[in-house]
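In: For reference, the sequence and a predicted model appear below.
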Amino acid sequence: MASYRILHRAGAAKSAEMSTVHGVIRTPVFMNVATAAAIKGAVSTEDLESIGTQVVLSNTYHLHLRPGDDVVYRMGGLHRFMDCHVPVLTDSGGFQVFSLAENRKISEAGVTFASHIDGHKLFMGPEESMRIQSHLASTIAMAFDECPSSRAERSYVEESVARTTRWLVRCRAEMKRLNAMEETINKEQLLFGINQGAVFDDIRIRHAQEIAAMEMDGYAIGGLAVGETHEEMYHVLDVTLPHLPADKPTYLMGVGTPENILEAVARGVDFFDCVYPSRNGRHGHVYTKRGHLNLLNACYELDNRPIEEGCGCPACRRYSRGYIRHLLKSGEMLGLRLCVLHNLYFYNHLMEEIRASIGRGDYQTWYRQQIEGMKG
RNA sequence: GUGGGUAUAGCGUAGUUGGUUAACGCGCCAGAUUGUGGUUCUGGAGACCGUCGGUUCGAGUCCGACUAUCCACC
């Protein structure tokens, strides 16, 4: 059985240990994004062990389209399919339906939309999302929600959030049914609910209270980092987190920059995921404790130093900025790979330092120094 | 050697019957990217139009010579 236990607190920040059927997760944690059951940039499951990955995030929508969740099911579930030995969280497809798919139509039942691959018509609702995620057999499934734009009108957000709550009831019932079935691969699949409400404090709070009463395995805050300012995002965290259960993990979806993460941890968030380290890595944008570098810049052409002095990642242990820049400019896949490995290592290592600081109890002063350093 | 073609930004090209600030792609330089766009998006720099002379109010454009280069034939 899964359990979540808080080990240390430092102000609102907390570090915890969550045990699952696929292993223990120490939080705060950054989940490494492998949308289509692969981290883009030719990073293998084997590589994850050398960069300290604790949790892999994969995607319902993408895997449903390709190769098909039935294929993954028949291959024994995501863990066997990828030969992955760490917990896997699957996103519900809710966000992709709203960010990638075209011609969508929302009804109480779910969403009708067109595939971003070939345009064919698809339908996904709470039950479909749960069935797919059950097929994928991830460690943690996410509820099927709607992610309204941060600039959406109040009346629309109210209507949308009410529907997301009703969908959560259906997700929970369907997950319970699926976990009880003999042929289900992971009968202990966990389910996280998702808070929405754009930037309206009262809607966020009311929704948090509603879903808190539903005793989910964890709680995510969604619909942030989609165009609002950082101040608005931190404000939403400040007003919403106190209304989510203190004894359950929290997850800030899709966030973010190292600074975003440091700020959110200070407010009590456990789980994060973001495409930045992998996507930006593919574009030569690499992170260091003293801010980020764009390795495509001409000033690194003759730079013999590693991306970051003292970094223990596979790229910094051997290769220079100048060499990696050359690989990127030449379109060599190795260039992308080294940058992605560095960035994921940087994020994973940052989380390790965050946990250590919370353990020491000095987080609230330590994290501000880190943010200052990154501006230098 | 003879005949013909071509010379415009680092590379490849466009440029109307001569008419204002010479256009485009690649490359280069610099930004962007938050529950994934590896092929994306946005900016920017860069050319006295092979050289010299002529015609004209005005030449990248027309004429001549020269230079370079390509093709064919000796």
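Out: Thanks, I have the structure now. Residues are numbered from 1 along each chain as shown, chains lettered A, B, ... in the order given.

In: Distance check, residue A:127 against residue A:334.
Out: 43 Å (CB to CB, to the nearest Å). Any C-beta I mention is one placed from the backbone N, CA and C, and that applies to glycine too.

In: what about these two, which has more around it?
Out: residue A:127 (19 against 16; other CB atoms under 10 Å).

In: Can you give me every residue that contacts the residue lying closest to that one once chain neighbours are set aside?
Out: Nearest residue to residue A:127, sequence neighbours excluded (CB to CB, 6 or more residues apart in numbering): residue A:174, at 4.7 Å. By CB atoms under 8 Å, 6 or more residues apart in numbering, the contact set of residue A:174 is A:126, A:127, A:130, A:131.

In: cutoff 7 Å now
Out: A:126, A:127, A:130 (CB atoms under 7 Å, 6 or more residues apart in numbering).

In: close enough to count as contact, the first one and residue A:144?
Out: It refers to residue A:126. Yes - with contact defined as CB atoms under 7 Å, residue A:126 reaches residue A:144; the gap is 4.5 Å.

In: Could you tell me which residues touch both of the two?
Out: Common neighbours of residue A:126 and residue A:144 (CB under 7 Å, 6+ apart) are A:167, A:171.

In: So which elements touch the top helix by length along chain A?
Out: Criterion DSSP state H: the longest helix present in chain A is helix A:333-360. Under the contact definition 3 or more CB pairs under 7 Å, 6 or more residues apart in numbering; DSSP states H and E, helix A:333-360 sits against strand A:3-10, strand A:13-20, strand A:29-33, helix A:281-282, strand A:285-288, helix A:321-329.

In: Listing partners with orientation, what would you give for the third one?
Out: For strand A:29-33, sheet partners with direction are given as strand A:56-59 (parallel), strand A:271-273 (parallel), following DSSP bridges.

In: hmm, back to that, tell me the secondary structure for the residue nearest to residue A:127?
Out: Per DSSP: H, G, I helix; E, B strand; the rest coil, the local secondary structure of residue A:174 is helix.

In: Just give the number of residues close to the closest residue to residue A:62 other than its chain neighbours.
Out: Nearest non-adjacent residue to residue A:62, counting by CB to CB, 6+ apart: residue A:36, 4.7 Å away. Neighbour count for residue A:36, taken as other CB under 10 Å: 14.

In: on that earlier part again, nearest to RNA strand B, of the contacts of residue A:174?
Out: residue A:126 (11.8 Å; CB to the nearest atom of the strand).

In: Contacts only, for the closest one.
Out: Contacts of residue A:126 by CB under 7 Å, 6+ apart are A:110, A:144, A:167, A:170, A:171, A:174.

In: now, among the residues you listed, which is nearest to RNA strand B?
Out: Out of the contacts of residue A:126, the member with the shortest distance to RNA strand B (by CB to the nearest atom of the strand) is residue A:144, at 7.7 Å.

In: Can I take it that that closest one is in a strand?
Out: No - assignment of residue A:144 by three-state DSSP gives coil, placing it outside any strand.

In: Surely it and residue A:166 touch.
Out: No - Residue A:144 is beyond contact range of residue A:166, at 11.0 Å (criterion: CB under 7 Å).

In: Who has more neighbours out of the two?
Out: residue A:144 (30 against 11).

In: for chain A, what helix or strand is lowest in average pLDDT?
Out: Of all helical and strand segments in chain A, the minimum by mean pLDDT, DSSP states H and E falls on strand A:102-106, at a mean of 83.

In: how distant is it from the center of its chain?
Out: 24 Å (CA atoms, centre = their mean, to the nearest Å).

In: in that strand, what counts as buried?
Out: Going by neighbour count (16 or more other CB atoms under 10 Å), the buried part of strand A:102-106 is residue A:106.

In: Point out the residues in the stretch 1-150 of chain A that sit beside RNA strand B.
Out: Neighbours of RNA strand B within the stretch 1-150 of chain A, by CB under 7 Å from any atom of the strand: A:33-35, A:39-42, A:57, A:59, A:62, A:91-92, A:94-96, A:99-100, A:142-143, A:145, A:147.

In: Can you select the buried ones among these for me in PyMOL?
Out: Selecting the buried subset of those in PyMOL, with 16+ other CB under 10 Å as the burial test, is done by:
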select buried, chain A and resi 33+34+35+39+40+41+57+59+62+91+92+94+95+96+100+142+143+145+147
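
In: Where do the helices of chain A begin and end?
Out: A:45-50, A:60-65, A:69-74, A:78-82, A:94-99, A:126-136, A:154-179, A:201-212, A:230-240, A:258-266, A:281-282, A:321-329, A:333-360, A:363-375.

In: Give me the neighbour count for residue A:246.
Out: Considering only other CB under 10 Å, residue A:246 is surrounded by 11 other residues.

In: can you tell me how far it sits from residue A:26?
Out: From residue A:246 to residue A:26 the distance is 18 Å (CB to CB).

In: Now do the contacts for residue A:315.
Out: A:307, A:324, A:338, A:341, A:342 are the contacts of residue A:315 under CB under 7 Å, 6+ apart.

In: Export those residues to JSON lines and append columns for distance to residue A:73.
Out: What follows is the contacts of residue A:315, written out as JSON lines (distance: CB to CB, whole Å):
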{"residue": "A:307", "distance to residue A:73": "40"}
{"residue": "A:324", "distance to residue A:73": "39"}
{"residue": "A:338", "distance to residue A:73": "34"}
{"residue": "A:341", "distance to residue A:73": "30"}
{"residue": "A:342", "distance to residue A:73": "35"}
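
In: Would you reformat those as JSON lines and include pLDDT?
Out: Formatted as JSON lines, these follow (pLDDT from 0 to 100):
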{"residue": "A:307", "pLDDT": "97"}
{"residue": "A:324", "pLDDT": "95"}
{"residue": "A:338", "pLDDT": "97"}
{"residue": "A:341", "pLDDT": "97"}
{"residue": "A:342", "pLDDT": "97"}
